[in-house]
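No sequence on hand, only this structure:
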């Protein structure tokens, strides 16, 4: 008798499950492929947003060939534009840092940037701005890769080589 | 009617159990199969739909490249969102605090999806939005560099698509599943009823056959169908019934043989007895003149010969009852006159108190009435004590003759056997004056008178004041036993 009752309960549960499990249920998050990537047109420099460097693309008059790394650094040193500032982007790179010279590192991989201003007092974010912008420009002009270490050299000394923290 | 109801209630238990078992089996199987395939199909449908939506979204996002302006203006974002929106869904494009939206409603962006998108992957999630299942897809837009690496642009695209059409497809699947379940339930019940009929019909037949056998129809047999257990039972039943019929037939034959033997013996004894009676008549006449022992012996022989003649006559009478050849010789008689004549012929007229209302006319066998009354009164004289009374009463269809004495009455142990053949109430008295068949013959004679399915009765009992009372009840318009549809 109790076995029969247990069977009935089991059948009832099965039906309850069937009745409630119907339809499209909400799901957990499903992770797929890496995010969509695509090309950009213009010159990429790196400003600061929310305490980290962020890519900004500026239209240049001549689309091709891309600006040289030195010219790109000059663009960066001019600071954030009106629109960029209104979008919450700032720059910590001082304007007196340029002109700069970009060349391959003599005793190792990567590139060395020789700037006109002092490099040692630069904030880490400003250094990252420089490193990322240079690496980006080097990659665009096919002078190296974007993940190559960048050494900043100024009249006051040399900062250790560093790669862009963004990807 | 009652028989059918009996069979019905008994059968419904088995039928109900079979139906329940079949239904349970069918429904459970269908439920398991249907739910498994339903879940599978649902997963496939949703996966296909989601993959298609993700593929379509990535295709459309690819058209947004190349990115020419970063940070984008609000107009840029709105334009992008509009390009990604269509009638099936809409998109939300975000850049930090800016948000461009292809619809006026607030997009249901869940924190989980936003976190997964921030990790740099395409992520999607099904959410329920106002009861409508909705697919939420999100991805970053990254900027590619010539060396293969990419950096986040800060743009995030979220697509919100309704899954209503998939919901409809899945609902249709569910409907089909329920429909299948219902059909299988109906089918299971039908099959169960069919199976129950297959099992219950032999069982019912077996029950009916057993009942007929119990009622005495020993020729009852079942039709054996198939080779299953029920057929075995039917075969066993048939074998048993056959053996029973043979044995009962054998017993009946032996009994008939015994009865015929008694009848034959009685008949064979009649002729020598007639001769002996003639001789003893002569001896009786001479007995008084014979001296001493010779005279006593002659009287003893004469007396015993009379007893023997009586016994043989009674045996012949009994064997007629047994063989069913006893017939009534009906005549319209005045019962009071007939009883009076019986008493007078036996010389008991003076010793018996009678209460015989005149004018009670009945159609009876006068000889058998005489035998019954003479037996009862003679019995009362022999075993009871005087005064013996005979009382006649009449109803519309029946007459009742009551013979009572004032003796000690009948013992309770004797009462059920008083009409048995050769039954001796007093075991110490080895020889009685009667043949021992008198009451048995009287009882058979009473039974021989029938009317409308009821036979006459002779009942023995005790009066409340003491003394045995024999009550004879006969139909007023008797007919022969043989006329009553031959029922013996």
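That came through fine. Computed from a predicted structure; not experimentally measured. Numbering: from 1, shown residues only, chains lettered A, B, ... in the order given.

Does residue B:469 have any beta-bridge partners, and if so which?
For residue B:469, the beta-bridge partners are residue B:404, residue B:461 (DSSP bridges).

Is it correct that it is in contact with residue B:461?
Yes. Under the criterion of CB atoms under 8 Å, residue B:469 makes contact with residue B:461 at 5.1 Å. Glycine gets a C-beta too; all of them are placed from N, C-alpha and C.

So between the two, which is more surrounded?
Applying other CB atoms under 10 Å in any protein chain shown to residue B:469 and residue B:461 shows that residue B:469 carries more neighbours, namely 21 against 15.

for that one, what are its contacts?
Listed by CB atoms under 8 Å, 6 or more residues apart in numbering or on different chains, the contact set of residue B:469 reads B:402-404, B:460-463.

let's see 10 Å
Taking CB atoms under 10 Å, 6 or more residues apart in numbering or on different chains, we find residue B:469 in contact with B:380, B:384, B:389, B:391, B:402-405, B:409-410, B:459-463.

Next: residue B:140.
Contacts for residue B:140 (CB under 10 Å, 6+ apart) come out as A:34-37, B:94, B:117-123, B:150, B:152-157.

can you do 6 Å?
Counting by CB atoms under 6 Å, 6 or more residues apart in numbering or on different chains, residue B:140 touches A:35, B:117, B:120, B:152, B:156.

circling back to that earlier point, which one among the contacts of residue B:469 gets closest to residue B:107?
Residue B:107 lies nearest to residue B:459 out of the contacts of residue B:469, by CB to CB, at 106.4 Å.

hmm, who's touching the helix or strand hosting the closest one?
According to DSSP states H and E, residue B:459 maps onto strand B:457-462. Outside of strand B:457-462, the residues within contact range by CB under 6 Å, 6+ apart are B:409-410, B:418, B:442-443, B:446, B:469-473.

Same check on stretch B:412-424?
B:425, B:436-437, B:439-440, B:443, B:460.

now swap in stretch B:301-313 and tell me
By CB under 6 Å, 6+ apart, the residues outside stretch B:301-313 that reach it are B:266, B:269, B:273, B:276-277, B:280, B:283-284, B:435.

How far does it sit from its chain's centre?
57 Å (CA atoms, centre = their mean, to the nearest Å).

buried ones in it?
Residues of stretch B:301-313 classed as buried by neighbour count (16 or more other CB atoms under 10 Å in any protein chain shown): B:301-302, B:305, B:308-309, B:311-313.

want to throw those into CSV with distance to residue B:366, secondary structure and pLDDT?
Below are those laid out as CSV (distance: CB to CB, whole Å; DSSP: H, G, I helix; E, B strand; the rest coil; pLDDT from 0 to 100):
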residue, distance to residue B:366, secondary structure, pLDDT
B:301, 34, helix, 84
B:302, 30, helix, 85
B:305, 28, helix, 86
B:308, 27, helix, 86
B:309, 23, helix, 87
B:311, 24, helix, 86
B:312, 23, helix, 87
B:313, 18, helix, 87
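
Can you pull the residues of chain A lying near chain B?
Residues of chain A that fall close to chain B, judged by CB under 6 Å from any CB of the partner chain: A:14, A:18, A:22, A:24, A:26-27, A:29-42, A:54-57, A:87, A:139, A:145-146, A:166-167.

May I ask which helix or strand encompasses residue 127?
Defaulting to chain A. Per DSSP H and E: helix A:124-140 holds residue A:127.

Sorry, I should have been clearer: chain B.
Using DSSP H and E, the element containing residue B:127 is strand B:121-129.

same question for that strand, mean pLDDT?
The average pLDDT within strand B:121-129 is 90.

Also stretch B:34-41?
Here the average pLDDT along stretch B:34-41 is 88.

go on, stretch A:36-53?
87.

same thing with stretch B:361-369?
Stretch B:361-369 shows a mean pLDDT of 88.

Of all the residues in it, which ones are buried?
The neighbour-count check on stretch B:361-369 (16+ other CB under 10 Å) flags B:362-366, B:368-369 as buried.

Adding secondary structure, write those residues out as JSON lines.
As requested, the buried residues of stretch B:361-369 are exported to JSON lines (DSSP: H, G, I helix; E, B strand; the rest coil):
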{"residue": "B:362", "secondary structure": "strand"}
{"residue": "B:363", "secondary structure": "strand"}
{"residue": "B:364", "secondary structure": "strand"}
{"residue": "B:365", "secondary structure": "coil"}
{"residue": "B:366", "secondary structure": "helix"}
{"residue": "B:368", "secondary structure": "helix"}
{"residue": "B:369", "secondary structure": "helix"}
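
could these go into a markdown table alongside distance to chain A?
Shown next, in a markdown table, are those (distance: CB to the nearest CB, whole Å):
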| residue | distance to chain A |
| --- | --- |
| B:362 | 67 |
| B:363 | 68 |
| B:364 | 67 |
| B:365 | 67 |
| B:366 | 72 |
| B:368 | 66 |
| B:369 | 68 |
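
how about the residues you listed in JSON lines, adding distance to residue B:68?
Shown next, in JSON lines, are the buried residues of stretch B:361-369 (distance: CB to CB, whole Å):
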{"residue": "B:362", "distance to residue B:68": "137"}
{"residue": "B:363", "distance to residue B:68": "136"}
{"residue": "B:364", "distance to residue B:68": "138"}
{"residue": "B:365", "distance to residue B:68": "138"}
{"residue": "B:366", "distance to residue B:68": "144"}
{"residue": "B:368", "distance to residue B:68": "138"}
{"residue": "B:369", "distance to residue B:68": "141"}
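
so which of those comes closest to residue B:256?
Proximity of the buried residues of stretch B:361-369 to residue B:256 (CB to CB) peaks at residue B:368, which lies at 24.1 Å.

Report the contact partners of that closest one.
So residue B:368 contacts residue B:445 (CB under 6 Å, 6+ apart).

That one and residue B:321, how far apart?
Residue B:368 sits at a distance of 11 Å from residue B:321 (criterion: CB to CB, to the nearest Å).

Residue B:289 now?
43 Å.

Of the two, give the one with the bigger neighbour count.
Neighbour count, other CB under 10 Å: between residue B:289 and residue B:321, residue B:321 has more, with 18 against 9.

tell me which element the more buried one falls in.
In this assignment (DSSP H and E), residue B:321 forms part of helix B:292-323.

Toward the C-terminus from that helix, list the very next helix or strand.
Next in sequence after helix B:292-323, counting helices and strands by DSSP H and E, comes strand B:331-334.

what's the pLDDT at the residue in the stretch 351-488 of chain B that chain A sits nearest to?
As assessed by CB to the nearest CB, chain A sits closest to residue B:416 within the stretch 351-488 of chain B, at 49.0 Å. With respect to pLDDT, residue B:416 has a value of 83.
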